[in-house]
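>>> Test case, fold it:
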Amino acid sequence: MQPNLHILLYPHQQTAVPQSLYRQIIGALQYLNLTRPDLSFAINKLSQFMHKPTSLHLQHLKRLLGYLKATLNFGILLRKSTTLNLQAYTDAGWGGNADDRTSTSAYLIYLGGNPVLWLSRKQRTVARSSIEAEYRAVATATTKIMWISKLLSELHIPLLKPPLLLCDNVGATYLCSNPVLHSKMKHISLDYHFVREQVRDGKLQVSHVSTKDQIADLLTKSLPRAKFEELRSKMQVLDGNFILRGHIGE
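Sure, this is the predicted structure:
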């Protein structure tokens, strides 16, 4: 069972529910999000309606809790790595919020093959194209990549090669290193110049990844169960029950 949260929200058609109970549950789930990236999109979506939740929101919250109960032993499996390469997946669900047509930014950052930082967040303004929405997600991920790089530098942990950022939008990927579309993107010039500066200085590599291999897709929208479970596994969110059981000697 997965939390299917493709919500079309029409609060005036729903009855109100106790705000305190709804907020308490969402607040607890925010802490759980620190170790369960597969819950990020659902928690982000439900958190947007804490000021006036309805019975529809409570219904989807119960579905999320049902999914959580069925995957109680799931967690991130950390594997030993010989190299500390920094790699990030970034994606955006363009106009995916049906109530105001804003987009959702998402990124998933790996250090040495293990997920260390992730985000699913509603963009503050409406993007006028998919390239714009994706590029804003790229800029958000870039700031976090630079922060991790600086932290590793202060800890005297060198990166053998520049961080790699993977985006499934060809236009946004091309824009990171080529100014040919600059005239169409002046309204996001700050993000534009920030990312291009990192690429130009060799501090970041931006490459295209196919949509089917875009792991951050799980953080931007609801997915069919098979696809959800596939991406969840690639996030290294696995059933830890076999670890908790331990081993029985002969």
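>>> Now do the longest helix belonging to the chain, average pLDDT.
Identified as the longest helix of the chain according to DSSP state H is helix 130-154. Averaging pLDDT along helix 130-154 gives 93.
>>> and the helix or strand immediately after that helix in the chain, how far from the chain's centre?
Per DSSP states H and E, helix 130-154 leads on to strand 164-167 as the next helix or strand towards the C-terminus. Relative to its parent chain, strand 164-167 has a centroid offset of 13 Å by C-alpha atoms, centre = their mean, to the nearest Å.
>>> Check the gap between the spatially most central residue of the chain and Arg79 for me.
For the chain, the residue nearest the mean C-alpha position is Ala106 (3.4 Å; C-alpha atoms, centre = their mean). Between Ala106 and Arg79 the computed distance is 23 Å (C-beta to C-beta, to the nearest Å). Any C-beta I mention is one placed from the backbone N, CA and C, and that applies to glycine too.
>>> Repeat that for Tyr67.
Taking C-beta to C-beta, one finds Tyr67 at 25 Å from Arg79.
>>> which one of these two has more residues nearby?
Higher neighbour count among Tyr67 and Arg79: Tyr67, with 19 against 8, using other C-beta atoms under 10 Å.
>>> And the longest helix of the chain, what does it pack against?
strand 86-93, strand 104-111, strand 114-122, strand 164-167, helix 170-175, helix 189-200 (3 or more C-beta pairs under 8 Å, 6 or more residues apart in numbering; DSSP states H and E).
>>> quick one: which of these is nearest Arg36?
In terms of C-beta to C-beta, the element of those nearest to Arg36 is strand 114-122, at 9.8 Å.
>>> Against which helices or strands is that closest one packed?
On a contact count with 3+ C-beta pairs under 8 Å, 6+ apart, strand 114-122 meets helix 40-47, strand 104-111, helix 130-154.
>>> Show me which of those has the highest average neighbour count.
Among those, strand 104-111 has the highest mean neighbour count (mean count of other C-beta atoms under 10 Å), at a mean of 25.
>>> shaky segments in the protein?
Within the chain, the stretches with pLDDT under 70 are 1-16, 179-190, 242-250.
>>> Tell me the spacing between the residue nearest to the residue nearest to the centre of the chain when sequence neighbours are not counted and Val206.
Distance criterion C-beta to C-beta, 6 or more residues apart in numbering; nearest residue to Ala106, sequence neighbours excluded, is Leu219 at 3.4 Å. Going from Leu219 to Val206 by C-beta to C-beta gives 19 Å.
>>> The two - which one has more neighbours?
It is Leu219, of Leu219 and Val206, that has more neighbours when counted by other C-beta under 10 Å, with 31 against 24.
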